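Chemist: Return atomic coordinates for the entry below.
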Amino acid sequence: MTITDHAFGPMQRAASRMRPHAGLVFCSAMLFAITAFLIDPGAERYVVMLVSMVLGCASLWIVAMSRIGGLSGSHTAKSVRNFIEHDAAAGIVTGPNGAVIYCNDAAERAYTARAFDTLAGALQTLIANPGAILYRLQTRAATRGSAYEDIVTGTGHVRLSVHQAGQDMLLWRIEKSAEIVARRSDAIPLPMLTVGRNNAVLFMNDAARLLIGERARTLDRICPKLPLRSGQMNDISTQSGVQSCLVVELEGIAGRREVFVMPGIAATERPSDGWTFFDELPVPLLKLARGGAIQLCNKPASDLLGCGDWSGKQITDLLEGLGRSIPDWLEDAAQARGTVHSEFLRVRRADQEVFIQVTLNRASENGETVLIAVLNDATELKSLEAQFVQSQKMQAIGQLAGGVAHDFNNLLTAISGHCDLLLLRHDQGDSDYGDLLQIAQNSNRAASLVNQLLAYSRKQNLRPEVMDLRDAMSDLTHLLNRLVGEKVILSLNHDPSLWSIRADKRQFEQVIMNLVVNARDAMAKGGEIRIETENVTLSEPLQRDRAVVSPGRWVKISVTDEGAGIPLDRLQKVFEPFFTTKRIGEGTGLGLSTAYGIVKQTGGFIFVDSEREIGTTFFLMFPAHENIAVSKNTAERPAMDVMPAEGIVLLVEDEAPVRAFASRALQMRGFTVLEAESAEEALDILSDQSVKVDVFVTDVVMPGMDGPSWVQKALKDRPDARVVFVSGYAEEDFGDTQARIPNSVFLPKPFSLTDLTEIVQRQLL
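Modeler: The predicted structure is shown next:
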């Protein structure tokens, strides 16, 4: 099969497509020329002659461009063919439509590629549905220049890769898993053999085959004198004859041994201990005494551990365990107790956090057992594990916070509600009025604490709106100045063309206040707190810490202080609930965790940078929104008439104190109240068609049937009834269900007497 011309430019491709019609164009030119001589002289003759000349030139252009394109395409195709002709891996060159242009001998032997017109047909016996995979790889290669994918087939793993080999040519390579494994194993250029029981040779890498020759089945074919002496010179049968080589033997699993052969080291060149090879290996290795003393450490291991001088040190001086005692682990490996001698350990480094996986292998030296530790950088793996553990911990604490907040909201509703009832019967001159007011104020403080728990668990009720940050920060400046005190200077710097964001204004102010208060507390001797806002446009994803910020328009808010900074070991914990660096009684540890929950629920990101004795900066990233003009005709909600109301309310609440307060509050307003402690009891009341009900006031979460379920069932017979849902959970937990229920509103707990009566009366309007 020959390579066709697929390397033309746009004009050459057009000329190539028109080449079969070049003769017809030339004949047309001749026909117009003859016609020009037959007609009378005049304008018509000149027009016909002009058309004849244009057609003649076009035919000559088509032939010339096709000839040039053919030479160029043949040159490019020949280069690609010479490049892959003797490649051991299967190589196939195709056009953009998948047509096979050329395939090397390896592709013909493996897949009989020359018998197929398309690459998909050639790979049909290897991959069940090659079309989708080929399209996916070709799409990636169009933007990146190349792409590859590891595929599981019935005969094993293969790697299918594609490279752009010209404007209209693609080079495909199919590598078997054995080739990939061999290439990876040969990253270590030392000859290596894997030996099983009875000295059977199980595996030889390419370096060993080059040294010894064809693969031998048993070790006695390689080493005339057995057993091997690890760490000493041994006679090895090589292609050039018997050669004295340094042999190092490591103990593997299931009775296997890994034998490394270092040829070309004469007896006079090696030191008496025979461990010269250690520094030559590109793998981080340690030689340990069974007690843990470091006897040898090669350069890769020294770089990984961050220690220049390891002499006289114990392994415990450089590594710390994640639970298991390191000396016990070393003794188990030395005694060959157990089957797995691999552990994840943390490196004692002050500059960065590094985790490594350490695998121990036994070796013998002068009759003494020593341990060879193979190190592998596992920092990325432990980081992924930490992310998973952190997400599980955050989810568990969030569920706990949400459940606790729900129960507290029920209690606070009963406390604050009955306090409101008592305040109605006492005026300011009453001796009990001050005590009742203290109860009400502390109930509000408790409700604020519960809201912080809900904010952390991302279950609080948000009322997001598109707002101008400059106006919001301007309204907040007076309060912030009072919070920071006289020793701290508060400065604001806004981008003059700052975009808007969409957030709950009250919760956003809570976030800024928490960050400013933390900045103030970090500067005991005073200083400056800088709040800066700016527009940020990301053209590609921003990866920061464990989060990825997607491309697009963002508004960045930074709060910077000049305090003592946060230690590195505490920096990753600042957003955890109840974690605080302040003394007992100075903080709850909920400020930053609350800010984290609010920002994440709003769809934003929060990051922190800190440097000791310089200061700390918190960054907030919010998606940018277009400004929405507020209609001037938007009217305030009308105040409720103080005259007694009329209507029948069915109150369904499983908490008796809350039900008692709500019933009395509605009755005092003039409503007739029917009470039920469960959904089933409410449906029994409504089964009597003579009972008229105007409004359903129901809790959402109750034992048995929940609020939305029984309301949907009741509305089938009473479609005109209005609904008020109350709950200590967030509205978002059942927002989709509520949206399907007509004439329904939501009232979060804890609610006051006025909140309840006004919303019920508003439903009757």
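
Chemist: What score does S727 have for pLDDT?
Modeler: With respect to pLDDT, S727 scores 84.

Chemist: Relative to I92, how far out is it?
Modeler: Distance, S727 to I92, using Cβ to Cβ, to the nearest Å: 64 Å. C-beta: built from backbone N, CA, C; applies to glycine.

Chemist: Of the two, give the one with the bigger neighbour count.
Modeler: I92 (26 against 23; other Cβ atoms under 10 Å).

Chemist: Which strand residues bridge the more buried one?
Modeler: Using DSSP bridges, the beta-bridge partners of I92 come out as C103, W172.

Chemist: how close does it get to A132?
Modeler: 18 Å.

Chemist: One more: A90?
Modeler: From A90 over to A132 (counting by Cβ to Cβ), the distance is 20 Å.

Chemist: which secondary element of this protein has the worst mean pLDDT?
Modeler: Ranked by mean pLDDT, DSSP states H and E, the weakest helix or strand in the chain is helix 177-185, scoring a mean of 44.

Chemist: correct me, but I598 touches K505?
Modeler: No - assessed by Cβ atoms under 8 Å, I598 is found out of contact with K505, at 11.5 Å.

Chemist: Pull the contacting residues for L651.
Modeler: R659, A662, S663, L666, V673, L674, E675, A676, V697, T698 (Cβ atoms under 8 Å, 6 or more residues apart in numbering).

Chemist: Helix, strand, or coil at the fourth one?
Modeler: When states are read from DSSP: H, G, I helix; E, B strand; the rest coil, the local structure at L666 comes out as helix.

Chemist: Can you get me a residue count around it?
Modeler: L666: 23 neighbours (other Cβ under 10 Å).

Chemist: What helix or strand is the closest residue to it other than its chain neighbours located in?
Modeler: Leaving out its chain neighbours, the residue that sits closest to L666 by Cβ to Cβ, 6 or more residues apart in numbering is V673, at 5.0 Å. Per DSSP states H and E, V673 falls inside strand 672-676.

Chemist: Show me what that strand is in contact with.
Modeler: By Cβ under 8 Å, 6+ apart, strand 672-676 touches 647-652, 659, 663, 666-667, 682, 685, 691, 693.

Chemist: more crowded one of A90 and A132?
Modeler: Shown here are A90 and A132; by other Cβ under 10 Å, A90 has more neighbours (26 against 11).

Chemist: Now do the more buried one against R173, distance only.
Modeler: 7 Å.

Chemist: Kindly report the same for D206.
Modeler: Counting by Cβ to Cβ - D206 and R173 are separated by 19 Å.

Chemist: between the two, which one's more packed in?
Modeler: Ranked by neighbour count (other Cβ under 10 Å), D206 and R173 place R173 first, with 19 against 14.

Chemist: pLDDT value on the more buried one, please?
Modeler: For R173, pLDDT reads 86.

Chemist: does it really touch V93, like I thought?
Modeler: No - in this structure R173 lies outside contact range of V93 using Cβ under 8 Å: 10.4 Å.

Chemist: which neighbours do the two share?
Modeler: I84.

Chemist: Can you show me the helices along the stretch 1-150 of the chain?
Modeler: 10-18, 22-38, 43-84, 105-111, 119-122, 130-144 (DSSP state H, counting those that start in this stretch).

Chemist: That should have said the stretch 551-700 of the chain, apologies.
Modeler: Counting by DSSP H, counting those that start in this stretch, the helices of the stretch 551-700 of the chain are 568-571, 591-602, 656-669, 679-686.

Chemist: now, of those, which is deepest in the fold?
Modeler: helix 591-602 (a mean of 24; mean count of other Cβ atoms under 10 Å).

Chemist: Mind listing the residues bridging to V559?
Modeler: I531, F618.

Chemist: burial measure for it, as a count.
Modeler: 21.

Chemist: quick one: average pLDDT of stretch 699-713?
Modeler: 89.
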